[in-house]
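A.B. asks: whatever this is, show me its structure:
(chains A, B and C)
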Amino acid sequence: MSVATPVATSRTSDARRETKRRVSGGFLTTLTWLLAIGFFFPVAWMAMTAFKQENQAASDPPTWFFTPTLDQFRAVLEGGTMVYVGNSVIATGISTVLVLLLGVPAAYALSIRPVQKVSDVLFFFISTKMLPVVAVIVPIYVIAGQLKVLDNIWTLVVLYTAMNLPIAVWMMRSFFIEVPGEVLEAASIDGAGLMRTMRSVLLPMVAPGIAATALICVIFAWNEFFFALNLTASQAATVPVLIVSTMTSEGLFLARLSAAALLASLPVILAGWIAQKQLVRGLSMGAIK
Amino acid sequence: MSTSTIDRLEGSRRAARSEASSRPISRAEAWRRRGPLLPALIFTVIVTQLPFLLTIWYSLHSRNLLRPESDLFVGLGNYLDIARDSTFRQTALNSVVITLGCVLVAMVLGIVLALLLDRPFLGRGVARTMLITPFLVMPVATSVLWSIALLNPTYGLFNWALGLFGIEAVDWTSTYPVIAILMALVWQWTPFMMLLVLAGLQAQPKDVLEAASVDGAGTWLTFRLITLPHLRRYIELGVLLGIIYVVNTFDQIYLMTAGGPGTASANLPFYIYQRAFLGFDVGQAAAMGVVVVIATIIVASAALRLIFRSFEVKE
Amino acid sequence: MFRPPRGTSVRARLTAATAAVALALTGCAGAGAVSGGDGEQIVVAIVSNPQMQDAISLQDEFRAAHPGVDVRFVSLPENEARAKITASVATGGGEFDVVMISNYETPMWAENGWIENLQPYIEATDGYDAEDFVPSVREALSHDGDMYSVPFYGESSFLAYRTDLFEQAGLEMPANPTWDEVRELAAELNAPEEDFSGICLRGLAGWGEVMAPMTTAINTFGGGWFDEDWNATLDSPESREAIETYIDTLQTSGQPGAATSGFGDCLTRFAQGQSAMWYDATSMVSSVEDPASSTVAGKVGYAPAPVAETESAGWLYSWSLAIPSTSEHKDAAWDFVSWMTDKEYIKLVGNQIGWERVPPGSRLSTYELPEYAEVSEAYAEATLDSMNGATQQGAMTHEVPYPGIQFVGIPEFQDLGTRVGQQMSAAIAGQISVDEAIAQSQRYAETVAETYQAEEGQ
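C.D. replies: Okay, here's the model as predicted:
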């Protein structure tokens, strides 16, 4: 890689550049903040709306100052909200664990000690993500009906695992491929078994990548709506279904919806906020170097 | 097909890695290697391919769920109908426009934001936190948030803000339905792209940048000659993942415009959904699904080839 | 190129992962505990409109009366609920013991044997007065003289208008307004520069959205979807005039965002005082007259649906409860269905929640309750009149070979109605011309008609 040829510089232009840099630095910082506020604003507005009464939520001009009320949260939380939350936790948690249990060995077999036709396998995995979910929902519904697993949380666990597994395999493989062969060879010369090699040598190295993968899986599973809508009824319904059921075709619902949406998004938002550094590090660790 | 391209890419990587893979491996060794892969592979095959086989079977039948007596084998009849269906073509075009539009705009914005965040300033962590939030909010919630709270012509915040500048209220979801959907999608996906690019920037070897700066290369020059080539793979991964997810967008279209006005903003998943859950025309919906899968695989293998070409150039 | 992994915080991250698993497991235990319970469990799928949400909030009353039955609700917005219920019932999915359907599905599903004949249950239940149901509704929910679903509420359509603004402007609403008169009044009161529209009409694509009011206009102008011999007639001169009138009224004096507004959008607009008139479902009153959500409560008058050639033009719609044949708890399901559609339930809502929240249009006796008469003074009569007038004889100029007023009671109609609705919606948005929309719609309707003409010919 070649770097631009040096340009002769004098002291005066250095000083001038320094001032310029400071000015443009201030400008860039301001711009960053404006953009950050702009991107965040809709979420903030949603949070504000959640504390309004319905007619304040849909007023023209918008209501900026109001007495906050917890009515909407109360309305959302009354009744069996915990069942929805419990289902979401199960579907998200267990499917993510399953994705890792299935995906880590698969990624290993596609990178460190590769099988034949790695590319075909990879292409197969990614091609399953191209199948539009809507095209298979009717067959899935019919099969689930015949297996008597409609409205069963394990159906969602299985589907979410299948939904996230291909991406997880791709991501983790790209982290694994970073691990230098010598390290593993050293371990195998030491006579360490496959499992031990994985546990003691490989996993610690790729842990940030796995954590990033898991977070992505959690986000997609927690937010998944279409399967949940069509395959659950009362026992297995998850949080996105709860959100949609606060919507009504008759009557105002924006404030209540905002409250539900805020509560529903909170776990993933918090997880994302807390783990953002790991996420960036995980993605940068290898992604595709 | 693209497999050969990936093979080449894999070949170069494997060669770099160890000699083990370049020498022929015994049968037993091949199976030992396959072992860890099989659970994931078998699971994926069963869960995704079984329903797809059933989809193909349905696509050869004329079957309407609402008329129990109707279930006729019609061969390729459903496919012929699709070939004649102008709405199908229009929604296919919408799919392309929405997917490419969202991914490209989100990527450009993502790069800009990532570059802005990559410099030290007060409260950088807070700004980054604010910027990633849209990706974390439930899409079901964001669709309603956009269509009602922000873009509604009567009490939407957006139009109120435009009104402050004396611009007349714009009825986004019916006048510019695709743009309205793109706004919500770009808003949601920009943070994802930004994170990927940010990851790329932070993996950038600082010494090279410093060298460039000492050499007096301007910011733009450094960016174009050093940073951008380095980011290339991160950008490609972002584009690939973005396309895979955005092409299947359903929630936003369903909740924001219901594909309308008319079918102006319907994409293929939404159109298929309507065939399946409004018309209950299982045969038609299945046939459309099959067509979409075939088309996507063709497009995707072309795209993958394009994307992976860079690896060969690099190595 | 390889960078050494940052080993220090790996442990912390693994701990976090363990915590997530632990959380998942505890969540599992928690949910397991919740889903327990003795006795029979029934699952009720309903549409999440305000009245239905009231029913959910009163479920403890049902539990008190039927301690052996554990009832669980699945409540979704109209479109989702309809798709889900239809898929479940048509494929025998069997998730639900009670489903909320309408007078569109009831006759067809009864014919297919998908839902239980409720007549024997009705007759075996003391004090469940089926004769008390509004006659037009009872008729619409029957198949071969037996009721297959029972109404939770019924609605017709009428024209709401702001009495205060009409007075200010020196205008008067005719006793039985015609579409031409409505169009003129709307133009007169329209003030787009103040973000105020003369009228609000649905424009959102969907057979239950724009096509409901538009079909009532088509009917009253003497047009229709199909004539007696299953010829598609959406491009007949009468249908065309109706469609043009509707779209022109909406484009010249209607609300902004017309092509994507449905009931909810018009409700918001009208309730915020930004529209002078609104032609829509009679069920609007529960929100329009509720001061908590409306700024125009008490300032609204109600006139019959706009007409042209016919006496009346209102539609007929009823959300009703049915029991799928696949249910394994039919008796318990009927316990719930009869509880939610009984006279006593009306009083329960009135006393516990408020009389303005009573589900209207299902039972005649509701209108004889003095408490209800008091709160519904402004609209009770208009509602009941519209409901009684909502028959094919009253709202159409000629006979048709299908059940339904604002819909065509055939399985293909959901799809056909939605496709035609998309065309109309596009015309309202100005993306295509009205002529194009009509021509395309006519083609859609002809395709459907062919099947039925072939059947007739046999």
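A.B. asks: which regions of the stretch 101-250 of chain A sit below the pLDDT cut-off?
C.D. replies: Along the stretch 101-250 of chain A, segments meeting pLDDT under 70 span A:184, A:187-194, A:198, A:248-250.
A.B. asks: any idea where the strands of it begin and end?
C.D. replies: In the stretch 101-250 of chain A, no strands are found when defined by DSSP state E, counting those that start in this stretch.
A.B. asks: try chain C
C.D. replies: C:40-47, C:69-76, C:98-102, C:142-143, C:146-147, C:150-155, C:157-162, C:197-200, C:275-281, C:300-304, C:317-322 (DSSP state E).
A.B. asks: what's the closest of those to chain A?
C.D. replies: strand C:69-76 (4.0 Å; C-beta to the nearest C-beta). C-beta: built from backbone N, CA, C; applies to glycine.
A.B. asks: is the closest one anywhere near chain A?
C.D. replies: Yes. Using C-beta under 8 Å from any C-beta of the partner chain, strand C:69-76 reaches chain A at C:72-76.
A.B. asks: returning to that earlier point: next, format the strands of chain C as CSV and append mean neighbour count, distance to C:Thr260 and mean pLDDT.
C.D. replies: Below are these laid out as CSV (neighbours: other C-beta atoms under 10 Å in any protein chain shown; distance: least, C-beta to C-beta, whole Å; pLDDT from 0 to 100):
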stretch, mean neighbour count, distance to C:Thr260, mean pLDDT
strand C:40-47, 23, 21, 91
strand C:69-76, 22, 21, 89
strand C:98-102, 26, 23, 95
strand C:142-143, 18, 36, 94
strand C:146-147, 18, 37, 94
strand C:150-155, 26, 23, 93
strand C:157-162, 25, 20, 95
strand C:197-200, 26, 13, 95
strand C:275-281, 27, 16, 95
strand C:300-304, 20, 24, 94
strand C:317-322, 27, 22, 95
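A.B. asks: how about these in JSON lines, adding distance to B:Val299?
C.D. replies: Below are the strands of chain C laid out as JSON lines (distance: least, C-beta to C-beta, whole Å):
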{"stretch": "strand C:40-47", "distance to B:Val299": "39"}
{"stretch": "strand C:69-76", "distance to B:Val299": "35"}
{"stretch": "strand C:98-102", "distance to B:Val299": "41"}
{"stretch": "strand C:142-143", "distance to B:Val299": "49"}
{"stretch": "strand C:146-147", "distance to B:Val299": "53"}
{"stretch": "strand C:150-155", "distance to B:Val299": "48"}
{"stretch": "strand C:157-162", "distance to B:Val299": "47"}
{"stretch": "strand C:197-200", "distance to B:Val299": "43"}
{"stretch": "strand C:275-281", "distance to B:Val299": "44"}
{"stretch": "strand C:300-304", "distance to B:Val299": "55"}
{"stretch": "strand C:317-322", "distance to B:Val299": "44"}
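A.B. asks: and the helices in the stretch 51-200 of chain C, which stretches?
C.D. replies: Taking DSSP state H, counting those that start in this stretch to define them, one finds helices in the stretch 51-200 of chain C at C:59-65, C:78-91, C:105-112, C:119-124, C:135-140, C:163-168, C:179-189.
A.B. asks: next one: the fifth one to chain centre, how far?
C.D. replies: Taking the mean C-alpha point of helix C:135-140 and that of its whole chain, the gap between them comes to 16 Å (C-alpha atoms, centre = their mean, to the nearest Å).
A.B. asks: thinking again about what came up before, among the helices of the stretch 51-200 of chain C, which is nearest chain A?
C.D. replies: For the helices of the stretch 51-200 of chain C, proximity to chain A was assessed by C-beta to the nearest C-beta; helix C:78-91 is nearest, at 4.4 Å.
A.B. asks: you'd agree A:Val241 is up against A:Val83?
C.D. replies: No. In this structure A:Val241 lies outside contact range of A:Val83 using C-beta atoms under 8 Å: 10.8 Å.
A.B. asks: higher neighbour count, the two?
C.D. replies: A:Val241 (23 against 20; other C-beta atoms under 10 Å in any protein chain shown).
A.B. asks: quick one, what contacts the more buried one?
C.D. replies: Neighbour list for A:Val241: A:84, A:225, A:228-229, A:232, C:76 [criterion: C-beta atoms under 8 Å, 6 or more residues apart in numbering or on different chains].
A.B. asks: now for C:Lys299, how many residues are close by?
C.D. replies: 18.
A.B. asks: tell me the contacts of it?
C.D. replies: With contact taken as C-beta under 8 Å, 6+ apart, C:Lys299 is in contact with C:162-164.
A.B. asks: possible to save the residues you listed as TSV with distance to B:Val105?
C.D. replies: Listed next are the contacts of C:Lys299 as TSV, based on distance: C-beta to C-beta, whole Å:
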residue	distance to B:Val105
C:Arg162	44
C:Thr163	49
C:Asp164	47
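A.B. asks: list just the nearest of those residues to C:Phe270.
C.D. replies: Nearest to C:Phe270 among the contacts of C:Lys299, counting by C-beta to C-beta, is C:Arg162 at 8.5 Å.
A.B. asks: do stretch A:253-267 and chain B meet?
C.D. replies: Yes. Counting by C-beta under 8 Å from any C-beta, chain B is contacted by stretch A:253-267 at A:254, A:257-258, A:260-261, A:264-265.
A.B. asks: give the residue spans of chain B that score low on pLDDT.
C.D. replies: In chain B, residues with pLDDT under 70: B:1-25, B:213-214, B:216-217, B:306-315.
A.B. asks: show me the residue at the heart of it, geometrically.
C.D. replies: Nearest to the mean C-alpha position of chain B, counting by C-alpha atoms, centre = their mean, stands B:Ile243 at 2.4 Å.
A.B. asks: in three-state terms, label it for me.
C.D. replies: helix (DSSP: H, G, I helix; E, B strand; the rest coil).
A.B. asks: that one reaches B:Thr99, doesn't it?
C.D. replies: Yes. B:Ile243 is in contact with B:Thr99 according to C-beta under 8 Å; the separation is 5.8 Å.
A.B. asks: what is the nearest of the contacts of A:Val241 to chain B?
C.D. replies: A:Phe225 (4.9 Å).
A.B. asks: are any of the contacts of A:Val241 buried, and which?
C.D. replies: Among the contacts of A:Val241, those classed as buried by 16 or more other C-beta atoms under 10 Å in any protein chain shown are A:84, A:225, A:228-229, A:232, C:76.
A.B. asks: from the contacts of A:Val241, list the ones also adjacent to chain B.
C.D. replies: Answer for the contacts of A:Val241 near chain B (C-beta under 8 Å from any C-beta): A:Phe225.
A.B. asks: got the contacts of A:Val241 as a markdown table, with distance to B:Phe88 columns?
C.D. replies: Converted to a markdown table, these look like this (distance: C-beta to C-beta, whole Å):
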| residue | distance to B:Phe88 |
| --- | --- |
| A:Tyr84 | 36 |
| A:Phe225 | 24 |
| A:Ala228 | 28 |
| A:Leu229 | 24 |
| A:Thr232 | 30 |
| C:Leu76 | 28 |
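A.B. asks: ok, back up a step: compare the residues of stretch A:253-267 next to chain B and tell me which is most surrounded.
C.D. replies: Top of these by neighbour count (other C-beta under 10 Å): A:Ala260, with 30 neighbours.
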